[in-house]
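K.L.:
what's the 3D shape of this:
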Amino acid sequence: MRLLLLGTGKTGSLVGDVARERGHHVDTLRSSENPNAGALTRDRLSPFDCVIDFTTPHCVLDHIRACTEAGKNMVVGTTGWHSELASVRGLVEKHGTGFLYGSNFSIGVNLFFDLVRTAVPAIKQGYLPHIYERHHAEKKDAPSGTAATMQGILQMDSGAEVEITSFREGEVVGMHELTLDSPQDEIYLCHDAKSRRGFAEGAVRGAEWLCGRKGFFEFRDVWREMR
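P.N.:
Numbers count the residues shown, from 1 in each chain. Predicted coordinates for the structure are as follows:
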């Protein structure tokens, strides 16, 4: 595939490396070269099979709008914009493109989501849930998209309120912890990312899976189908 990568931060750069290792051609567009998504014209996008976005919350919606209107499939690993999911779905459906997003593209984290769901019976037995998440000091959004997904899983399935505490410090790649507390004991579930490579591999595999598909997809619903 020929991929256009938006975002040259730590994760975005690694996405490019992984894509090349898997035999894909990758072009990169830096934020300084693309103010207000002005570089994402139909002509500029025409050679590419898919656009992968790992940028920032303040510009990702402009990128989505431009790429979708140009008829290009997109994989979006940027978080902090999910309050606009309904409008983005409408754009994707209107223009008949393929769109894959996720709060986290790590296979390990998506397995962790399944473990989080198994905690619901504990909440119904009176255990008090709390989510803690830690990321590097430069992360723009808080709470993280992963923590928000954990919260959504627990609240939808249990009806309980679940608080999130966020920390931004040093070079922490990403740690997410669910605690379940009772007067008798405490249960911990934790995922601690050792590197960003898991995120990058998931995004590239997602782009491969999306090739030739149309529709609006979330990574945690489709990752089991990927090779």
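
K.L.:
where do the strands sit along this protein?
P.N.:
Using DSSP state E, the strands of the chain run over 2-6, 25-29, 50-53, 73-76, 98-101, 128-135, 163-168, 175-181, 186-192, 215-218.

K.L.:
mean confidence for the first one?
P.N.:
So that's strand 2-6. What strand 2-6 shows for mean pLDDT is 97.

K.L.:
Show me the beta-bridge partners of D53.
P.N.:
In this structure, D53 bridges to L6, V76 when assessed by DSSP bridges.

K.L.:
Surely it and V75 touch.
P.N.:
Yes - under the criterion of Cβ atoms under 8 Å, D53 is in contact with V75, at a separation of 7.1 Å. Using the backbone N, CA and C atoms, a C-beta is placed for each residue, glycine as well.

K.L.:
who has more neighbours, those two?
P.N.:
Neighbour totals were compared for D53 and V75, and V75 leads with 29 against 24 (other Cβ atoms under 10 Å).

K.L.:
Can you verify my assumption that that one contacts D49?
P.N.:
No - the pair V75 / D49 is not scored as a contact, 10.9 Å apart, by Cβ under 8 Å.

K.L.:
can you list residues touching both of these two?
P.N.:
Residues touching both V75 and D49 (Cβ atoms under 8 Å, 6 or more residues apart in numbering): A207.

K.L.:
I'd like to know how far G96 sits from D62.
P.N.:
Per Cβ to Cβ, to the nearest Å, G96 is found 20 Å from D62.

K.L.:
between these two, who's got more neighbours?
P.N.:
Higher neighbour count among G96 and D62: D62, with 16 against 10, using other Cβ under 10 Å.

K.L.:
tell me the pLDDT at that one?
P.N.:
pLDDT, read off for D62, is 96.

K.L.:
Next up, the contacts around it.
P.N.:
By Cβ under 8 Å, 6+ apart, the contact list for D62 reads N36, A37.

K.L.:
Check the model's average confidence along stretch 147-157 for me.
P.N.:
What stretch 147-157 shows for mean pLDDT is 96.

K.L.:
And the residue of the chain positioned farthest from its centre, how far from H25?
P.N.:
Residue farthest from the centre of the chain, counting by Cα atoms, centre = their mean, is Q184 at 36.2 Å. According to Cβ to Cβ, Q184 and H25 sit 58 Å apart.

K.L.:
Convert stretch 178-185 to CSV, retaining C-alpha atoms only.
P.N.:
The C-alpha coordinates for stretch 178-185 follow below in CSV (Å, rounded to 0.1, in the frame of the first residue of the first chain):
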residue,chain,number,x,y,z
LEU,A,178,-8.3,-0.4,37.5
THR,A,179,-8.6,-0.8,41.3
LEU,A,180,-11.7,-2.5,42.9
ASP,A,181,-11.8,-1.8,46.6
SER,A,182,-13.9,-3.3,49.4
PRO,A,183,-13.5,-3.3,53.2
GLN,A,184,-12.1,-6.9,53.0
ASP,A,185,-9.7,-6.7,50.0
